[in-house]
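Enquirer: Just the structure for this:
(one chain, ligands or ions: 1)
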Amino acid sequence: MKFFDTHCHLQDERFKDDAERIIRQAISDGVAFFVCCGSSESDWENVADLARTWKQIIPAFGIHPWYIKGRSSLWKEHLRSYLDEFPEAAVGEIGLDHLHATNNHKDQIDLFIQQLEIAAELNRTVSVHCLKAWEDLVSAISLVSKSNVSVVLHSYSGSLEMVRVLERIGCYFSYSGAVTYSNNKRICNTAQSVNAGRLLLETDSPDIPPMGHHGRTEPSVILQINKAVASLRGIDEQEMAAIAYQNAITCFKGGNG
Ligand SMILES: [Zn+2]
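Expert: So this is what the prediction gives:
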């Protein structure tokens with residue numbers, strides 16, 4: 001089985017001492033590609049370094065809604081220069097969070113739209129964090145939906161009704177370790193029903209530990225996540241892995257595996 005971890009943070013401090021070992025382990029477990037997402041200007045260079053070292057790493061550059069305050073006045077220039085250096089790079093992790101960050105909605109929306117517009121202009125995939133901000137998300141994405149930008153909703157936690165709305169505007173739905181907990185009814189429910197052509201898998205390493213794991217999450221846990229989604233959908237693991245892998249190739253590599 002081959003896997004494509006569509007959202008992780010290998011540049012995280014928690015991997016500082018043994019990133020190489022973790023990446024080699026994941027590769028030997030079948031992970032062919034990793035989308036390594038930056039969260040703020042301060043970690044973009046570390047993401048770029050990893051992508052310069054590993055051909056399996058697709059970098060993503062973006063400002064996460066939690067870190068919008070720390071951006072410099074030159075953030076757009078910085079973002080564009082990384083996107084120029086890496087023609088395959090995505091834009092992310094960007095998004096809207098009305099659960100944890102509650103007093104800056106307008107700023108979040110402004111910055112999200114600006115980053116979406118850059119992605120649309122350069123024809124890049126975007127990796128999106130969205131918590132409790134679904135209406136605003138749909139309005140923002142609708143602004144760029146006529147372009148070719150593929151939108152990936154990382155660790156999707158919205159409702160099934162929202163899946164149908166977001167499918168119509170071309171979004172992909174990525175499932176993380178959160179789907180391995182059967183008491184996460186809403187997440188398990190959408191993982192079961194989302195259109196097979198729109199389903200992706202990710203680990204969000206080093207965060208979101210799957211059932212039975214404690215501490216830092218590593219990309220190899222994608223096997224467990226694949227197994228959980230396969231069982232929810234009543235298909236075998238091989239079939240599930242092949243579907244998610246092919247969708248990720250289409251979404252992040254324009255179909256060129
Ligand atoms: Zn993330």
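
Enquirer: Verify the stated contact: residue 22 with residue 16.
Expert: No. Residue 22 lies out of contact with residue 16 (Cβ atoms under 8 Å); the separation is 10.9 Å. Where C-beta positions appear, they are placed from N, C-alpha and C, glycine not excepted.

Enquirer: Show me which of these two is the more surrounded one.
Expert: residue 22 (20 against 9; other Cβ atoms under 10 Å).

Enquirer: Residue 138 belongs to a strand?
Expert: No. Using DSSP: H, G, I helix; E, B strand; the rest coil, the assignment for residue 138 is helix, not a strand.

Enquirer: Could you find the closest non-adjacent residue to it?
Expert: Using Cβ to Cβ, 6 or more residues apart in numbering and skipping the chain neighbours, the partner closest in space to residue 138 is residue 165 (6.2 Å).

Enquirer: which SSE is the residue in the stretch 1-150 of the chain positioned nearest to the ion in?
Expert: In the stretch 1-150 of the chain, the residue that lies nearest the ion is residue 93 (4.9 Å; Cβ to the ion). According to DSSP states H and E, residue 93 maps onto strand 90-97.

Enquirer: same question, residue 32
Expert: Assigned by DSSP H and E, residue 32 belongs to strand 31-37.

Enquirer: Report the rounded mean pLDDT for the helix or strand following that strand.
Expert: Under the assignment DSSP H and E, the closest C-terminal helix or strand after strand 31-37 is helix 41-53. Mean per-residue pLDDT for helix 41-53: 98.

Enquirer: could you give the angle of helix 41-53 to strand 31-37?
Expert: Relative orientation of helix 41-53 versus strand 31-37 (axes from the mean of the first three to the mean of the last three Cα atoms, to 10 degrees): 160 degrees.

Enquirer: buried ones in helix 41-53?
Expert: 41, 43-44, 46-48, 50-51 (16 or more other Cβ atoms under 10 Å).

Enquirer: Adding distance to the ion as columns, could you present these in JSON lines?
Expert: Formatted as JSON lines, those follow (distance: Cβ to the ion, whole Å):
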{"residue": "41", "distance to the ion": "16"}
{"residue": "43", "distance to the ion": "11"}
{"residue": "44", "distance to the ion": "14"}
{"residue": "46", "distance to the ion": "14"}
{"residue": "47", "distance to the ion": "12"}
{"residue": "48", "distance to the ion": "17"}
{"residue": "50", "distance to the ion": "15"}
{"residue": "51", "distance to the ion": "16"}
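
Enquirer: hmm, back to that, note down every partner strand of the strand holding residue 93 and its orientation.
Expert: Here strand 90-97 is paired, per DSSP bridges, with strand 57-61 (parallel), strand 126-131 (parallel).

Enquirer: so can I have TSV of these showing distance to residue 240 and mean pLDDT?
Expert: Shown next, in TSV, are the strands paired with strand 90-97 (distance: least, Cβ to Cβ, whole Å; pLDDT from 0 to 100):
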stretch	distance to residue 240	mean pLDDT
strand 57-61	21	98
strand 126-131	21	97
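
Enquirer: tell me the most buried of the ones you listed?
Expert: For the strands paired with strand 90-97, the largest average neighbour count (mean count of other Cβ atoms under 10 Å) is found in strand 57-61, namely a mean of 28.

Enquirer: on that earlier part again, would you mind pulling up the elements that the strand holding residue 32 packs against?
Expert: In terms of contacts (3 or more Cβ pairs under 8 Å, 6 or more residues apart in numbering; DSSP states H and E), strand 31-37 is packed against strand 3-8, helix 41-53, strand 57-61, strand 90-97, helix 237-253.

Enquirer: which residues in the stretch 51-200 of the chain form helices?
Expert: 75-85, 105-122, 134-144, 160-168, 185-193 (DSSP state H, counting those that start in this stretch).

Enquirer: Now the first one: buried residues?
Expert: It stands for helix 75-85. Here helix 75-85 shows 75, 78-79, 82-83 as buried, counting by 16+ other Cβ under 10 Å.
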